[in-house]
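*Asks:* Generate coordinates for the sequence data below:
(chains A and B)
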Amino acid sequence: MKLATWNINSLKVRLPQLLSWLERERPDAVCLQETKLETPKFPEQEVRAAGYEAIHAGQKTYNGVAILSRTPLTGALVGISGYSDPQQRVISASVDGVRIVCAYVPNGQAVDSDKYRYKLEWLGAFTAWLDAELARHQSLAVLGDFNIAPEERDVYDPGAWEGQVLFSQAERQAFRTLLGIGLLDALRLVEQGDRLFTWWDYRLNAFKRGMGLRIDHILLSQSLAGRCKAVRIDREMRAAERPSDHAPVIAELR
DNA sequence: ATGGCAGGAAGCTCCTGA
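*Replies:* Numbering: from 1, shown residues only, chains lettered A, B, ... in the order given. The predicted structure is shown next:
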């Protein structure tokens, strides 16, 4: 089973890239973030023609999450139960016995801003909800843009990024707390190297200069972690024409 | 050096992203 996550930064702009990538990669399920489309504006026909059914929760201009699957999606749920949030950041469903949670964690903008406080509060609610979801679903995968680089090896210049949003101690602690409920960082099950980045700023020629961060993650429950045989970051899509600033991350399960 | 780039909505510029 091949699971993937990709922050596509506007599904309207990136639809051609998504369709060609689906054809090339043929993942079983895909989590998308930042569709930037209102829920009914999802390009269902095109995605269905590519062989996928989909669920989507979106809004104008910002946020928006979707799950695509080659097999039926069941038990679809939008948002974090018990946490009211007008921002469309979470959608989940079951695929072939695996509970899939697609998440777009708030960016945080700047440490000590209102958006940063919202990010930490949001992560608290998300973690508490996932803890309960984990009790209900033994095979659980959380995929998405976490907007947190967990460790120094996940940042091209950890010295410059120390204390900055995406790499501050409080955010990294929140990520560790999330793992603490019983989730494993899939990429680190199979790869221990540094410079395994998933996002590069559009500015400053950052991609070509290797100035990236690893902020998109696939987290697996214990039982799924035992099935994880490979995790890849698809840098080809970041190098492509008119790219998203994020690369897809792909996990292959037995 | 607080720049740079991209997308969206609005509208000849600003907000947000990370």
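
*Asks:* What residues does the stretch 51-200 of chain A have near DNA strand B?
*Replies:* Within the stretch 51-200 of chain A, the positions near DNA strand B by CB under 7 Å from any atom of the strand are A:60-62, A:106-107, A:109-110, A:115, A:145, A:147, A:165-166, A:199. All C-beta atoms are positioned from the backbone trio N, CA, C, and that covers glycine.

*Asks:* List the ones among those residues that fall in helices.
*Replies:* Mapping these onto helices (DSSP state H) picks out A:Lys115.

*Asks:* which one of the residues of the stretch 51-200 of chain A next to DNA strand B has the most neighbours?
*Replies:* A:Asp145 (28 neighbours; other CB atoms under 10 Å).

*Asks:* can you list the weak-confidence ranges in the stretch 101-250 of chain A?
*Replies:* In the prediction, the stretch 101-250 of chain A carries no residues with pLDDT under 70.

*Asks:* what about the helices in it?
*Replies:* Under the criterion DSSP state H, counting those that start in this stretch, helices of the stretch 101-250 of chain A are mapped to A:114-136, A:158-161, A:169-180, A:186-190, A:222-225, A:235-239.

*Asks:* Export the ones you listed as a markdown table, with columns for distance to A:Thr71.
*Replies:* Listed next are those as a markdown table, based on distance: least, CB to CB, whole Å:
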| stretch | distance to A:Thr71 |
| --- | --- |
| helix A:114-136 | 21 |
| helix A:158-161 | 40 |
| helix A:169-180 | 28 |
| helix A:186-190 | 21 |
| helix A:222-225 | 17 |
| helix A:235-239 | 24 |
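
*Asks:* so of the ones you listed, which one's packed in deepest?
*Replies:* Mean neighbours per residue, mean count of other CB atoms under 10 Å, is largest over the helices of the stretch 101-250 of chain A for helix A:186-190, with a mean of 19.

*Asks:* could I have that helix exported to PDB, CA atoms only?
*Replies:* Taking C-alpha atoms only, helix A:186-190 is exported to PDB below (Å, rounded to 0.1, in the frame of the first residue of the first chain):
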ATOM      1  CA  ALA A 186       7.900   7.100   9.000                       C
ATOM      2  CA  LEU A 187      10.900   8.600   7.300                       C
ATOM      3  CA  ARG A 188      13.100   8.100  10.400                       C
ATOM      4  CA  LEU A 189      12.200   4.400  10.400                       C
ATOM      5  CA  VAL A 190      14.100   4.000   7.200                       C
END
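
*Asks:* Return the distance of that helix from the chain's centre.
*Replies:* 15 Å (CA atoms, centre = their mean, to the nearest Å).

*Asks:* Please list the residues outside it that contact it.
*Replies:* A:196, A:214, A:217-220, A:225, A:228-231, A:233, A:249, A:251 (CB atoms under 8 Å, 6 or more residues apart in numbering).

*Asks:* Likewise for stretch A:55-62?
*Replies:* A:34-39, A:41-42, A:64-67, A:73, A:76, A:78-79, A:86-88, A:90-91, A:93.
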